Structure formats: C-alpha cells, structure tokens
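In: I would like the atomic coordinates for the input below:
(one chain, ligands or ions: 1)
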Amino acid sequence: MREFRVQSAVLVTVVAAVLGLVTGPALAADDDGHERIVGGSRVDEGTYPWVVRLSVGCGGTLVAPQVVLTAGHCVKGSGADTSMRITGGSVDLDSSRAQTVRSTQVYRAPGYSDATKGDDWALIALDQPFDLPTVTLASDTRYDQGRFTVMGWGSTKEGSATQQRKLRAVDVDYVSDSSCDRKYGKIGMEIVGSDMICAARTGKDSCQGDSGGPLVRLDATGSWLQIGIVSWGYGCARKNFPGVYGQVSTFSHDIAVGLAVLRSRLA
Ligand code: ARG
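Out: Take a look at the predicted model:
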C-alpha cells in the first residue's frame, strides 16, 4: 500500500524527537513469558520475509523498510524509545543472516486500551532500514475470513516460558465476532470489539510471546496480506477460546496516519 512506503531517506536521519507524551512505566506484556505458537511447525527461510522479532518478547512486521507494526501492548507508549532490539532477515534468530537494529521512536495507537486491548497496535521506527520486503496490510474486510496463518517465536504450549530460536507458524480458521463473543461471554469476558478478529482450530493457536506478530492470508493475486496482529486469548489453543487479533482492516487508515506522524517527527 502506497501510504506505507515511508521514505528511508527521511527515517535514516533519525534524531531523538519526542513523539507526543511518553506514557508510564507499563511493562511489555510478554516480559513474564507465557505461551506461544501451538500446534505449528517450522518455517522455511524466506517464506515470510517481513516478520521480525522484538527483544521485548513480541513479534512484528515490516510495513516500511524502517518501520515495524506490532501490538500496542508490546510497547511502553508513544515517544522516543531506544531500548528495543528488532531482529529480522532469518527464521533463525541466531543465524548469521539475521540482522538486529534498534528502535528510535514509537507511535502507539491513541485509542489503545490496556484494559480491553482495544486498538492493540503500535508502530516502531528503526535506527536503520532492513533490506527486506514489506508486508501489505488489509485495507478492507474482504479477506477477513477463511483460513489464516499466524507465526511467531513464542513457546509451543500454554504455560511454557521457553522461547523458540526458530520461527514457527500454524494455520487457524476465522471465527465470527458473534461466536467469539459468545464463547468469551461464558466466562464473563465481554470483549471482542469491532477492532478484533478471532481465529481458532483444534490444538492450534498463537500464544503469549507471539503478540504483535501477524495473522496473514493470501489475496486473490497470491500475495500475503496482513489481516491481524496477535493480541490476546484465554490460555492457548483451549477448546472454545479462540485467539483474538487486532483487526488490521479497521486500523489501516489510522496506521497510515501514524506512519505520517512518525515521518514528520523524524524528518
Ligand atoms: N497476549 C499474548 C502475547 O502478549 C498473545 C496471546 C495470544 N493468545 C492466544 N490464545 N492466541 O504474546
């Protein structure tokens, strides 16, 4: 999508401009390490070249050579942040092909809510561009259905804190908002906003540590489209509790605004 082609030249000249308010010391949600990609398998090198790993224990995607999209709950807030390392370029985090860069600025969705996980997305500007393809973001709901693939370096079962050195992926199926709502409603969680999309399949799910990473599917032209951002769930791969994802199509306009804000602050 054209809006996401942020000029690298602009972002290369990064100075520590402060982007709005730096919010409080909320911890990134993955620091205590929980569960991760469940029921999946290893990914061949180069299959999803735009997926990256954040040092805070989350995933993300390259939406521009120097900008990563992740979950809002993976970052501390908007503003200057040089504390994160972002690794891309290989499924294997320890590979010599993997490249690691640093964060410079964060733009978190203005409407992000820690309590409800509403607007669970954020953009991170990098100190150097990756020479890797960027992912295309869904801009309408056309592809918000069917079978998806979700990926990450999280652990492989609920309750395990073990990180994966190598990227794993798993296929999961669309679950309607009403069905997802009903399921979570049974345990008194009234959730699943219109900015969320659910997906599940027996024994397969994303998990903590996969947060911020992408839920993708192929479009009619055979290219990958990012549909969701790993956000939350009750346990992992539990029967009747789908994985819940930030719904990219509802954020795509705001993400473009966020990119423009980052660009202007970094220019
Ligand atoms: N909140 C988790 C994270 O921070 C993601 C949880 C996804 N859970 C699920 N059952 N799909 O990594």
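In: show me which residues of the stretch 151-267 of the chain are close to the ligand?
Out: 205-211, 230, 232-233, 236, 243 (Cβ under 6 Å from any ligand atom). C-beta: built from backbone N, CA, C; applies to glycine.
In: show me where the stretch 151-267 of the chain has helices.
Out: 177-185, 248-266 (DSSP state H, counting those that start in this stretch).
In: does anything pack onto the longest one? Which helices or strands?
Out: Spelled out, it's helix 248-266. helix 8-12, strand 58-64, strand 67-70, strand 99-108, strand 122-126, strand 136-137, strand 224-232 (3 or more Cβ pairs under 8 Å, 6 or more residues apart in numbering; DSSP states H and E).
In: could you dump the ones you listed into CSV and include mean neighbour count?
Out: Compiled in CSV, the helices and strands packed on helix 248-266 are given as follows (neighbours: other Cβ atoms under 10 Å):
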stretch, mean neighbour count
helix 8-12, 16
strand 58-64, 27
strand 67-70, 30
strand 99-108, 22
strand 122-126, 27
strand 136-137, 20
strand 224-232, 27
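In: where does residue 84 land on pLDDT?
Out: Residue 84 is assigned 98 on the pLDDT scale.
In: what residue is smack in the middle of this structure?
Out: Centroid check for the chain by Cα atoms, centre = their mean gives residue 212 as the closest residue, at 2.4 Å.
In: surely that one meets residue 55?
Out: No. Look at residue 212 against residue 55 with Cβ atoms under 8 Å: they stay out of range, at 11.8 Å.
In: return the nearest residue of the protein with respect to the ligand.
Out: Proximity of the chain to the ligand (Cβ to the nearest ligand atom) peaks at residue 233, 2.2 Å away.
In: so who does the nearest residue to that residue once chain neighbours are set aside touch?
Out: In space, and not counting its chain neighbours, residue 233 is closest to residue 243: 4.6 Å by Cβ to Cβ, 6 or more residues apart in numbering. Counting by Cβ atoms under 8 Å, 6 or more residues apart in numbering, residue 243 touches 150, 172, 198-200, 205-206, 230, 233, 236.
In: reformat the residues you listed as CSV; add pLDDT and distance to residue 121.
Out: Shown next, in CSV, are the contacts of residue 243 (pLDDT from 0 to 100; distance: Cβ to Cβ, whole Å):
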residue, pLDDT, distance to residue 121
150, 98, 15
172, 98, 19
198, 97, 17
199, 98, 17
200, 97, 21
205, 96, 20
206, 96, 15
230, 98, 11
233, 94, 17
236, 94, 21
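In: residue 69: which of these is nearest?
Out: Nearest to residue 69, judged by Cβ to Cβ, of the contacts of residue 243 is residue 230 at 11.5 Å.
In: low-confidence stretches in this protein?
Out: The chain contains residues with pLDDT under 70 at 1-36, 190-192.
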